[in-house]
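I would like the atomic coordinates for the input below:
(one chain, ligands or ions: 1)
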Amino acid sequence: MSTVATTPKPGQQRVADSNAPKVYKLTALDRCDRCGPSSQAYVRVTMKETGHDLLFCGHHYNKFKFDLVDLIDHDKTINEYDRLDTGNRLIGSENS
Ligand SMILES: [Zn+2]
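Residues are numbered from 1 along each chain as shown. Predicted coordinates:
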């Protein structure tokens, strides 16, 4: 297992220098526990009682987040769902 996962590969995350550099912890190797290998996970939650992690794509996090709200350790939750929104805006035109 590699421990060097905090630095994005060149060209992968560097979209605009005006944005504050944000280090994403979830990578393409993190897959949704519900979808399986077909979907990248953008949210990782840690269960309070067991300490186990669950990975979700945006769709499944939205589906289960209200069921999980009392069961997860919110301090350990990683939510990088905003990556999708940012990516779409940068790819699309400047509407505003
Ligand atoms: Zn999913």
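
going by C-alpha atoms from here, please, whenever you check contacts or count neighbours.
OK.

how close does residue 27 sit to the ion?
Distance, residue 27 to the ion, by CA to the ion, to the nearest Å: 15 Å.

now the helices: where do they sit in this protein?
Here the chain has its helices, by DSSP state H, at 58-68, 82-91.

would you single out the least confident of these?
Across those, helix 82-91 has the smallest mean pLDDT, namely a mean of 61.

tell me which parts of the protein are close to the ion?
32, 34-35, 57, 60 (CA under 5 Å from the ion).

narrow these to those that are buried.
When these are checked for burial by 16 or more other CA atoms under 10 Å, the buried set is 32, 34, 57, 60.

dump the residues you listed into JSON lines; add distance to residue 79 as well.
JSON lines is the format used below for those (distance: CA to CA, whole Å):
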{"residue": "32", "distance to residue 79": "13"}
{"residue": "34", "distance to residue 79": "16"}
{"residue": "57", "distance to residue 79": "10"}
{"residue": "60", "distance to residue 79": "12"}
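
any low-confidence regions in the protein?
1-19, 85-96 (pLDDT under 70).

now do the strands in it.
Here the chain has its strands, by DSSP state E, at 43-46, 53-56, 78-79.
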